[in-house]
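Novice: Got a sequence here, can you model it:
(2 chains)
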Amino acid sequence: MNFIVHIILPYLLLYKYWAIFIITLIASLAFPVPPGTLLMASSAFASQGYLSFFWVVFFGSLGNIVGDNIGYWLARRYGRQVLRKIGFGKMLDSEKYQNIESRLKKRPGFLIFITRFEVFSNLAVNLMCGLGEVPYRKYIIYELIGEILQVTLYCTIGYFVGDNWEAISGIIGKSLLLTMFVVALCVAIFWKKIWRAVTRKPVA
Amino acid sequence: MMQFFSKIRAWTVTHVKKQMVVIAVLALLCGAEVHSIISDVKNTRQEEGRSLQHEDGQLIDSPAITAPEEIEPWMTFAYINFVFKLPDEYLKMKLGISLDRYPNIQIARYIRLTHADTVYFLTSLRRAVGEYRP
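Specialist: Okay, here's the model as predicted:
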């Protein structure tokens, strides 16, 4: 069994919904904790009646949402100052970066929604939305929908596979990794077109 | 030998673009992941088949049954009592557990605190759970 999961599962059994809330919150800040695996494990316990499926989904979603909002607001409040201090001021002032920011501000929905399903891109988009001052109302709507769907998906899989949650979790993790490799492959092949499209000045 | 490698390197630098190398590596990684996923799915299906079969080859209903042999040190006594429907006092009496925190304590932590032998305690625990009759 995964070493980190091995350490966290006893806390899940002891502290139940509080553990789910705190672990998903920490995971959404990109600490090396596997949230999908733990949600599936929690739902496997729910399938045995040890936990309630509804409360697992509720606290899992809540932890993710709170963590995402922490990332967004920290980036919005302190992001620019920190980046300037560590030498990224030129990048922030560049025309290409500002074009990317304008595009994100105009239509953040799909990107916010789709990145809820992967931990590192989740945090990266939260930080970008905060830095770019994407309107909070737009951000929270897509973020809420994405997180609730993501948590419900993992919990449903865990609930129905029961004992096999470890194996299924491994397969899902590898599938997500495969998706990332495929995306990276497409970017490597079409990087020039993508770069031109992303950094082009958006139409007013 | 060194001349051969430097010739290869010089040819690679002039004829093979970095982009092609990156694409080739990513394509290999994709292939390896696909192979790994297919193997995992096959293994999981075989495991499901085994867990659905009883010792005498008869199929049983649910793959979610937990047997005493599956008890692991990371579990807690409270969880084991719940899954096997044991009264709280049963394991306490059978294994001589005197810690106040029981049953809300991890088995591995209990073993560490009492300096018990892990293998021996786990065997006793599994036997005690298997012997329980309501």
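Novice: The nearest residue to residue B:86 once chain neighbours are set aside: what's it in contact with?
Specialist: Counting by Cβ to Cβ, 6 or more residues apart in numbering or on different chains, residue B:86 lies nearest to residue B:132, which is 5.7 Å off, once chain neighbours are set aside. From N, CA and C alone the C-beta is placed, and that goes for glycine too. By Cβ atoms under 8 Å, 6 or more residues apart in numbering or on different chains, residue B:132 lies in contact with B:84, B:86, B:90.
Novice: do the same with residue A:142
Specialist: A:108, A:109, A:110, A:112, A:113.
Novice: buried ones in the one helix or strand it maps to?
Specialist: For residue A:142, the element it lies in under DSSP states H and E is helix A:136-161. When neighbours are counted by 16 or more other Cβ atoms under 10 Å in any protein chain shown, the buried residues of helix A:136-161 are found to be A:138-139, A:142-144, A:146-148, A:150-152, A:154-155, A:157-159, A:161.
Novice: related to what we said a few turns ago, which one (most neighbours) among the contacts of residue B:132?
Specialist: residue B:86 (19 neighbours; other Cβ atoms under 10 Å in any protein chain shown).
Novice: ends of stretch B:76-93, how far apart?
Specialist: Its first and final residues considered, stretch B:76-93 spans 17 Å by Cα to Cα, to the nearest Å.
Novice: Give me the contact list for that stretch.
Specialist: So stretch B:76-93 is contacted by A:10, A:13-14, A:45, A:48-50, B:66, B:68, B:71, B:97-98, B:102-107, B:110, B:125, B:128-129, B:132, B:134 (Cβ under 8 Å, 6+ apart).
Novice: circling back: selection in PyMOL covering whichever of the contacts of residue A:142 are buried, please.
Specialist: In PyMOL, this line selects whichever of the contacts of residue A:142 come out buried by 16+ other Cβ under 10 Å:
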select buried, chain A and resi 108+109+112+113
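Novice: related to what we said a few turns ago, give me the PyMOL select line for the contacts of stretch B:76-93, limited to the buried ones.
Specialist: Buried residues among those (16+ other Cβ under 10 Å), as a PyMOL selection:
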select buried, (chain A and resi 10+13+14+45+50) or (chain B and resi 66+68+71+97+102+103+105+106+107+110+125+128+129)
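Novice: State the pLDDT value of the residue nearest to residue A:51 when sequence neighbours are not counted.
Specialist: Spatial nearest neighbour of residue A:51, chain neighbours left out: residue A:45 (4.8 Å); criterion: Cβ to Cβ, 6+ apart. We have a pLDDT of 89 for residue A:45.
Novice: Which SSE is immediately downstream of the lowest-mean-pLDDT helix or strand in chain B?
Specialist: Using mean pLDDT, DSSP states H and E, the weakest-scoring helix or strand in chain B turns out to be helix B:2-15, at a mean of 72. Going down the chain from helix B:2-15, the next helix or strand is helix B:18-51, by DSSP H and E.
Novice: can that next one be found next to chain A?
Specialist: Yes - using Cβ under 8 Å from any Cβ of the partner chain, helix B:18-51 reaches chain A at B:19, B:22-23, B:26-27, B:29-30, B:33-34, B:36-37, B:40-41, B:43-44, B:47-48, B:51.
Novice: Narrow those residues to just the buried residues.
Specialist: B:22, B:26, B:29, B:30, B:33, B:37, B:40, B:44, B:51.
Novice: how about the residue nearest the centre of chain A, what does it touch?
Specialist: Chain A has residue A:122 as the residue nearest its centroid, 3.0 Å off, counting by Cα atoms, centre = their mean. Taking Cβ under 8 Å, 6+ apart, we find residue A:122 in contact with A:28, A:30, A:68, A:115, A:116.
Novice: I'm done for today, thanks for sticking with me.
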